[in-house]
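K.L.:
Coordinates only, no sequence provided:
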């Protein structure tokens with residue numbers, strides 16, 4: 001990267017040691033130079049808030065391996081070294097032959113993570129625990145061929161990231177996060193909060209969101225028959241719920257669904273941290289995005305929902321239903337905000353209505369759980385989708401319709417992925433109420449679903 005090559009796994013690891021494990025005078029001087037230039041980089045900010053944000057973004061992107069930004073920072077460090085008239089060679093343990101490169105590696109470099117970043121194609125996450133490194137590709141975490149030389153090196157990288165964001169990671173605050181404008185996110189924890197320091201870099205890799213792309217042979221998240229079903233469900237304003245483990249593709253599916261919605265319909269998103277970034281990906285849509293903080297009553301999920309419901313939303317996209325705001329989301333879905341979508345953290349689609357009921361009951365109000373489950377099944381969880389990683393590919397493994405009959409939740413499987421045949425089966429059909437809802441909202445879609453076998457033909 002920008003001409004910097006690691007000569008061994010121990011390079012870029014801070015102070016070198018002389019004979020007997022003692023730091024040499026050259027090492028001490030080099031460390032002082034590093035601290036001085038690091039301080040100057042921190043203070044070299046623009047005059048306006050926008051300029052400061054852009055500068056911090058450049059520093060962060062340089063640390064995270066973005067070539068253009070690394071080149072800019074290396075040039076800045078070259079200038080600073082020249083202006084200060086620093087001379088001499090870097091410590092032998094740094095692995096570099098020029099002083100600017102050695103200083104760059106200490107301030108900006110990520111040690112052996114540099115080698116991981118050289119193969120960024122298909123790289124979704126880098127996960128570091130202590131010295132151990134995992135690479136996430138295709139939704140699967142696999143041990144990296146590299147390991148950090150020491151836990152101290154991980155802590156150095158952490159401190160550089162928080163320093164350039166005016167944040168802290170210390171015994172009083174043992175975690176920090178960095179979010180880049182392109183959606184990439186860095187989450188860090190320190191000793192005392194986790195058993196070992198951790199660093200998770202989640203890259204923003206997807207640029208286009210479209211049901212047809214997810215149904216392509218390359219991605220095979222669904223097939224074209226399922227694509228038509230989901231498109232019709234969106235146009236007919238069914239309330240949808242998505243489940244699946246981390247990195248299974250839930251966010252990409254939700255975005256592909258939102259891409260299909262009418263551009264002029266007001267969509268409101270409520271998240272504990274901005275991850276969907278819909279306005280960035282769909283700048284032409286009528287979207288209002290809320291980022292909530294449950295520790296601050298003035299900006300909690302409760303307050304966000306209160307304001308959101310006064311902003312004439314057509315659909316509500318709630319990143320994940322949690323205990324605090326379950327009642328509010330249920331209330332929104334039952335008061336006319338059809339076509340909304342959320343995710344729930346459960347293991348099976350069958351557990352979704354009961355899980356949301358349990359969350360609603362936690363607020364202490366005297367509610368009838370059976371009546372509440374009936375309302376949730378009818379108005380909140382009309383259609384459920386389950387995501388999973390199968391043979392390295394993210395797939396919709398189930399699509400179901402929820403109904404409430406005979407005092408219990410009934411689940412009809414509309415699509416199921418069969419691992420033995422590596423294809424989908426379509427065992428069930430939509431209920432009569434669902435068929436009538438589709439016919440009213442999307443007559444052409446109703447005819448298509450009847451042709452595809454999702455709706456019973458008249459007389460059958």
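P.N.:
That came through, no problem. Here the structure is a predicted model, which is why all the values come from computation and not from measurement.

K.L.:
so where's this structure uncertain?
P.N.:
By pLDDT under 70, the low-scoring segments of the chain are 1-24, 45-46, 88, 91-95, 166, 181-182, 205-208, 364-366, 458-460.

K.L.:
Pick out the residue closest to the middle of it.
P.N.:
residue 275 (5.2 Å; C-alpha atoms, centre = their mean).

K.L.:
Now do the same contact list for that one.
P.N.:
183, 185, 251, 319 (C-beta atoms under 8 Å, 6 or more residues apart in numbering). (C-beta placed from N, C-alpha, C; glycine too.)

K.L.:
Closest to residue 66 out of those?
P.N.:
Nearest to residue 66 among the contacts of residue 275, counting by C-beta to C-beta, is residue 183 at 13.2 Å.

K.L.:
Would you enumerate the residues in contact with the closest one?
P.N.:
204, 275, 277, 280.

K.L.:
quick one on the thing from earlier: which ones among the contacts of residue 275 map onto strands?
P.N.:
Members of the contacts of residue 275 lying in strands (criterion: DSSP state E): residue 185.

K.L.:
Just the buried positions in the longest helix along the chain, please.
P.N.:
Secondary structure assigned by DSSP state H gives helix 25-43 as the longest helix of the chain. Residues 27, 30-31, 33-34, 37-38, 41-42 are the ones in helix 25-43 that count as buried (16 or more other C-beta atoms under 10 Å).

K.L.:
which other helices and strands contact it?
P.N.:
helix 67-83, helix 99-107, helix 151-163 (3 or more C-beta pairs under 8 Å, 6 or more residues apart in numbering; DSSP states H and E).

K.L.:
One more pass at 6 Å, please.
P.N.:
helix 99-107 (3 or more C-beta pairs under 6 Å, 6 or more residues apart in numbering; DSSP states H and E).

K.L.:
Which SSE is immediately downstream of the helix it packs on?
P.N.:
helix 113-117 (DSSP states H and E).

K.L.:
for that following helix, the distance to its chain's centre please.
P.N.:
21 Å (C-alpha atoms, centre = their mean, to the nearest Å).

K.L.:
And the next helix or strand past it?
P.N.:
Next along the chain after helix 113-117, with elements defined by DSSP H and E, is strand 125-129.

K.L.:
partners of that next one in the sheet?
P.N.:
strand 132-137 (antiparallel), strand 198-202 (antiparallel) (DSSP bridges).

K.L.:
Mean neighbour count and distance to residue 401 added to the ones you listed, as CSV?
P.N.:
Listed next are these as CSV, based on neighbours: other C-beta atoms under 10 Å; distance: least, C-beta to C-beta, whole Å:
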stretch, mean neighbour count, distance to residue 401
strand 132-137, 18, 33
strand 198-202, 20, 33
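
K.L.:
Could you work out which of these reaches nearest to residue 156?
P.N.:
That would be, of those and by C-beta to C-beta, strand 198-202, which comes in at 10.9 Å.

K.L.:
the inter-axis angle of that closest one versus helix 151-163?
P.N.:
Here the directions of strand 198-202 and helix 151-163 differ by 50 degrees (axes from the mean of the first three to the mean of the last three C-alpha atoms, to 10 degrees).

K.L.:
Identify all contacting residues around strand 198-202.
P.N.:
The contact list for strand 198-202 (C-beta atoms under 6 Å, 6 or more residues apart in numbering) reads 125-129, 185-189.

K.L.:
I'd assumed residue 80 was in contact with residue 37.
P.N.:
Yes: using C-beta atoms under 6 Å, residue 37 is in contact with residue 80, at 5.3 Å.

K.L.:
Reformat the strands paired with strand 125-129 as a markdown table; add distance to residue 430.
P.N.:
Converted to a markdown table, those look like this (distance: least, C-beta to C-beta, whole Å):
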| stretch | distance to residue 430 |
| --- | --- |
| strand 132-137 | 36 |
| strand 198-202 | 36 |
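
K.L.:
Quick check: residue 102 touching residue 86?
P.N.:
No: applying C-beta under 6 Å, one finds residue 102 not in contact with residue 86, separated by 10.8 Å.

K.L.:
more neighbours, these two?
P.N.:
residue 102 (26 against 16; other C-beta atoms under 10 Å).

K.L.:
Please spell out the ChimeraX selection for the buried subset of the contacts of strand 198-202.
P.N.:
Entered in ChimeraX, the line below selects the buried ones among those, by 16+ other C-beta under 10 Å:
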select :125,126,127,128,129,185,186,187,188,189
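
K.L.:
and of the contacts of strand 198-202, the nearest to residue 270?
P.N.:
Nearest to residue 270 among the contacts of strand 198-202, with distances taken as C-beta to C-beta, is residue 185, at 18.3 Å.

K.L.:
Cool, thanks, signing off.
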